[in-house]
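>>> Any chance you can model this:
(2 chains)
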Amino acid sequence: MDLFLQYLITGLTVGSIYALLAVGFVTIYNVTGVLNLAQGEFAMIGALSCVTLVNLGIPILGAIPLAILITAIIGFGVERLAIYPARNATPIILVVITLGVSIFLKGMGLIIWGSSPKSLPPIVESRSIQFFGAVINSQSIWIFILLFVLLILLYWFFDKTFIGSALRASEKNPHAASLMGINTSTMSTIAFTIAAALGAIAGVMIAPLTDATYEMGFFIGIKGFVAMIFGGMHSVPGAVAGGLLLGVIEAFSGGYISTYYTDALAFGFLLLVLFFRPQGLFMRATGERV
Amino acid sequence: MKQMLKGKVIALLSLAFLLIMAGCAEENVASGEKGESSQDDVIKMGLLLAETGPASTLGASQVKTVKLLQKQLDEAGPINGKTIKLIQYDYETDDTKAVVAMDKLLSEGVVAINAATQSSTTTAVMPKAIEAKIPFLAGAPIDVENEYVYSTVHSPRVIAMPIVDYLNKQGIKKVAWLNAADGFGVTGLPAFKELAKENGIEIVAHEEFDATATDMTIQLTKVRSKDPEAIIVWSRTPGAGIIARNFKALGFDIPMIQSTAAANEGFLEQVKDDNENIFVVGSKLSVLDQLPDSEQKELLKEFKEAYEQEFGEEPDLFAAHVVDGVYAFVEAVKAGNTTAEEIHQYLANDLGAFLGVTGTYNFSESRISPEPDGISVLAIENNTWKYIE
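Sure thing, here's the model as predicted:
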């Protein structure tokens, strides 16, 4: 029983990391229709710049917002320099551009921070918690709280504010949106900036658990992407649920079947989802025709 | 007007680009020779190192070492009337470029090769040396045995030796094995299995993880149910540090022993302030001051101090491999050997036991690894390495 509980808790902890990444993916996808493959790198930059700021003597509570700001500015720059000039290209070209951006940012990360892992102190220093024989890391509780807050904030932003509606309209029908006076390219910039900030938040939250390295973005980026597909590409709550589900699948398949096949099983499950519910596990098929 | 400006900007940018390219093309000859020695009096050794690219974090100290060694060789003057010239090319962490650079080295008439920073590169360039019958001092772990190949790095078996010694001393008979599922991670177990069998140590559990994964609690939880008396981990960072941290969080009270891949500052930083019961197989170079006096200590100290004086930082094990490769070559030249074949014969038959910074070499007995006397199981105390005997 305590094994089961430990697997579940570990699964949720890991899943919450994937969920944080997936939220950033969905945000950009919902606005621009582009998969941002550099999302993991935003997390890397957020985490590593936070480490640098902390090492400069800035208290962690000041370093985190600064790191998020820095990453948001980089997200803004990426959109202006790499996406905006190609704004009339097809989404697939834009996706490939984000792949290039991802490799570029990873390379810059290596040059700036080197290859050795850096650790970041948690916001609140505390020991891990014992819970019916299972161990919970206190940082993962913070991640859960943050996920919940982000869910509410993003729901409010996209559904209740004007700019949020404008952002969503830009993806649904860019042509109609621009006819309605929405500047779709500005919306794309906003989306990238927000997504970079979300990535940075993910980075600084998970760094106390996983440490920060220049190469951290790829692994969590892929997993965040899978979580997004589980959730049906468009839905923020779906992506969060997808992330948690992926984490739990990995934990249980590792725990009860074999740790050699963790990834094979998780991605096998992804294939099943794509075969049988391509619209995502938590979405109703909308039957849109284009 | 705008068009013109754009044209100018493009022209300027291309000019800058050309200049940068020109800078890159410059070859890197780490030599202080001033052209006074004629071609016949120069003996060349070729080195391929990752000065740039992702592996530069490992290669940087090696390149510095080459510069230091060339300086020392120049200061010492010609040996038997011959000047030694170390020719080093940066392969930019790219195996293809390494193979091209290898051809260049061979065409320049090098009589020995020391390469490379990474295993894949070493494997890629080695056949060319074998074909040309030039002694090849392998700078990274490889899985090939050949007449012309001499390894300057520890084989997995040799790295496992101090671990088995430690287990024997502690009377530990049941261990759990965890490794990263990558090139380095999977090499450890076969070597350890053999040694464990010889020493009556039972491997009660074996799990794998991804070296860049975010959590290894599952693997550790599974391992715990098998009641091991020690946990052995074979992984690079960051995985090495994360598993150590998960291990502490789960409250294990048995030792965890990690491989040489964790013997670096990055790992120390990862396990900062919570590192009791965590051990790492590391170079004696990092615990120099704690070592009892010996010939080896003197040798390590000499190199470390020279390096620190030149570059203001501590050398690492990667630097040590280059030193040993170059010194084995210098020894051969000192004994009057000048051609590739002579040097090869000397290394293979006459060099005998040769004390290097990595450990003692005895190429006539084993070409695949130095002996384990340069490494040891280290503990961590006050967030720094602690030598235990």
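
>>> Can you name the residue of chain A nearest to chain B?
When you check chain A against chain B by CB to the nearest CB, the closest residue turns out to be residue A:116, at 2.8 Å. C-betas here are computed from N, CA, C, even on glycine.

>>> helix/strand/coil for the residue lying closest to that residue once chain neighbours are set aside?
Distances taken as CB to CB, 6 or more residues apart in numbering or on different chains place residue B:266 nearest to residue A:116, at 2.8 Å, with adjacent residues excluded. Per DSSP: H, G, I helix; E, B strand; the rest coil, the local secondary structure of residue B:266 is helix.

>>> so what's residue B:266 up against?
Contact partners of residue B:266, counting by CB atoms under 8 Å, 6 or more residues apart in numbering or on different chains, are A:115-118, B:237-238, B:241.

>>> mind putting the residues you listed in TSV, neighbour count, distance to residue A:221 and pLDDT included?
TSV is the format used below for the contacts of residue B:266 (neighbours: other CB atoms under 10 Å in any protein chain shown; distance: CB to CB, whole Å; pLDDT from 0 to 100):
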residue	neighbour count	distance to residue A:221	pLDDT
A:115	19	18	78
A:116	19	21	80
A:117	29	17	85
A:118	22	19	88
B:237	26	19	82
B:238	27	16	85
B:241	29	21	90
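
>>> Next SSE downstream of the helix or strand where residue B:130 lies?
Here residue B:130 sits within helix B:119-131, counting by DSSP states H and E. For helix B:119-131, the succeeding helix or strand toward the C-terminus, using DSSP H and E, is strand B:136-138.

>>> Show me what that next one is packed up against.
Judged by 3 or more CB pairs under 8 Å, 6 or more residues apart in numbering or on different chains; DSSP states H and E, strand B:136-138 is in contact with strand B:112-115, helix B:119-131, strand B:149-151, helix B:317-334.

>>> what's the closest of the ones you listed to residue B:69?
Of all the helices and strands packed on strand B:136-138, it is helix B:317-334 that lies closest to residue B:69, at 5.1 Å by CB to CB.

>>> in that closest one, what counts as buried?
Using 16 or more other CB atoms under 10 Å in any protein chain shown as the burial criterion, the residues of helix B:317-334 that qualify are B:317-333.

>>> got it, and stretch A:145-152?
By neighbour count with 16+ other CB under 10 Å, stretch A:145-152 contains the buried residues A:147, A:150-151.

>>> Need those in TSV (columns: pLDDT).
As requested, the buried residues of stretch A:145-152 are exported to TSV (pLDDT from 0 to 100):
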residue	pLDDT
A:147	91
A:150	91
A:151	90
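
>>> Quote the end-to-end distance of stretch B:266-285.
Start-to-end span of stretch B:266-285 (CA to CA, to the nearest Å) is 17 Å.

>>> oh, I was asking about stretch B:46-55
19 Å.

>>> Can you list which of the buried residues of stretch A:145-152 are found in strands?
With strands defined by DSSP state E, no entry of the buried residues of stretch A:145-152 lies inside them.

>>> Which one of these is nearest to residue B:177?
Closest to residue B:177, out of all of the buried residues of stretch A:145-152 and judged by CB to CB, is residue A:147, at 35.2 Å.

>>> Surely the closest one and residue A:16 touch.
Yes - applying CB atoms under 8 Å as the test, residue A:147 and residue A:16 come out as touching, 5.8 Å apart.

>>> Would you state the strands of the chain in chain order?
Let's take chain A. Read by DSSP E, chain A holds these strands, from start to end of the chain: A:129-131, A:134-136.

>>> Can you look at chain B instead?
B:42-49, B:83-90, B:112-115, B:136-138, B:149-151, B:174-180, B:202-209, B:230-234, B:256-258, B:278-283, B:353-355, B:360-362, B:375-381, B:384-387.

>>> how far away is the closest residue to residue B:60 other than its chain neighbours from residue B:311?
Spatially, and ignoring its direct neighbours in sequence, residue B:60 is nearest to residue B:51 (7.0 Å; CB to CB, 6+ apart). Computed with CB to CB, to the nearest Å, the distance linking residue B:51 and residue B:311 is 14 Å.

>>> More neighbours: those two, which one.
Counted by other CB atoms under 10 Å in any protein chain shown, residue B:51 and residue B:311 do not tie: residue B:51 has more neighbours, with 21 against 16.

>>> tell me the contacts of residue A:60?
Residue A:60 sits in contact with A:50, A:54, A:120-121, A:123, where contact means CB under 8 Å, 6+ apart.

>>> would you turn those into a markdown table with pLDDT, distance to residue B:225 and neighbour count?
Listed next are these as a markdown table, based on pLDDT from 0 to 100; distance: CB to CB, whole Å; neighbours: other CB atoms under 10 Å in any protein chain shown:
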| residue | pLDDT | distance to residue B:225 | neighbour count |
| --- | --- | --- | --- |
| A:50 | 95 | 37 | 29 |
| A:54 | 93 | 38 | 20 |
| A:120 | 87 | 32 | 26 |
| A:121 | 84 | 32 | 15 |
| A:123 | 78 | 34 | 15 |
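
>>> what about residue 204, how many neighbours?
Picking chain A for this. Counted with other CB under 10 Å, the burial measure for residue A:204 works out to 29 neighbours.

>>> oops, chain B please
16.

>>> What does the residue nearest to it when sequence neighbours are not counted show for phi and psi?
Excluding the flanking residues, the one nearest residue B:204 by CB to CB, 6+ apart is residue B:226, at 4.4 Å. Comment: the main-chain dihedrals of residue B:226 come out as phi -90, psi 0, following degrees, to the nearest 10.
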